[in-house]
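Q: After the sequence you'll find the predicted model.
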Amino acid sequence: MSDPQPGRAPAPALVLVAAVAENGVIGQDGGLPWRLKSDLRNFRALTMGKPVVMGRRTYLSIGKPLPGRTNIVVSRNRDFAAPGVMVARGIAAALTAARGDALRRGADAVALIGGADLYAQTIGYADRLVITRVHLRPAGDTMFPVIDPDLWREVARNEHDRGPDDAAGFTVLVYERTATHLRRDNGGS
């Protein structure tokens, strides 16, 4: 959301980025239940040069810092450390660090890339959702929060056929918040 004070740079948008199956599944046993190489290119383009915030389990499933992005990992585990990442003990600290990094980089957004707990904590005050709707209905143990049509409006849609290294076709959907009755929180709880 923009900062209403003149002369100040607008606050970077908080964008939730997720691949979500038609049945709401985003994960199974700590990983993705599909392979979508075509969408990985979209993900890279969307997040490059921006700070990315993720939970510890999401980071461990990726296995390494994402290059070209400041990687901020939320973990309550005081012993967790990983080279090339900043560790924050809570979502509020992570978002404060990410927003500062975005302003220093001149990035217009902070990308929150998982997992389910962080999505659930931040969907109430995110500015935008970029959802890759995977045209599958896999079994899974991790779900994305319900996207309330009273709060979110679809503003863009891009269909993708199944590519040679894809488990399925998919649609990239962009949503913007429509309801303003929820006050934006500067970090959540």
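A: It's in. Numbers count the residues shown, from 1 in each chain.
Q: Now the element after the helix or strand hosting residue 45, going C-ward?
A: Residue 45 is part of helix 37-47, with elements assigned from DSSP states H and E. Counting by DSSP H and E, the next helix or strand C-terminal to helix 37-47 is strand 52-55.
Q: Strands along this structure, start to end?
A: Ranges of strands in the chain, per DSSP state E, are 13-21, 25-27, 52-55, 71-74, 86-88, 109-112, 128-134, 142-143, 152-160, 170-177.
Q: So what touches the third one?
A: Pointing back at strand 52-55 there. 62, 66, 69-75, 88, 91, 94-95, 98, 110-115, 117-118 (CB atoms under 8 Å, 6 or more residues apart in numbering). To be clear about C-beta, it is placed using only N, CA and C from the backbone, and glycine gets the same treatment.
Q: switch to 7 Å and redo it
A: The contact list for strand 52-55 (CB atoms under 7 Å, 6 or more residues apart in numbering) reads 66, 69, 71-74, 94-95, 98, 110-115, 117-118.
Q: same deal with the fifth one?
A: Contacts of strand 86-88 from elsewhere in the structure, counted by CB under 7 Å, 6+ apart, are 70-75, 80-81, 94, 97.
Q: Using neighbour counts, trim those residues to the buried set.
A: In terms of neighbour count (16 or more other CB atoms under 10 Å), the buried residues within the contacts of strand 86-88 are 70-75, 94, 97.
Q: Next, give me the two most distant ones among those residues.
A: The span of the buried ones among the contacts of strand 86-88, defined through CB to CB, is set by 70 and 75 at 16.0 Å.
Q: what about the chain, any weak spots by pLDDT?
A: Flagging of the chain using pLDDT under 70 yields the residue ranges 1-9, 179-189.
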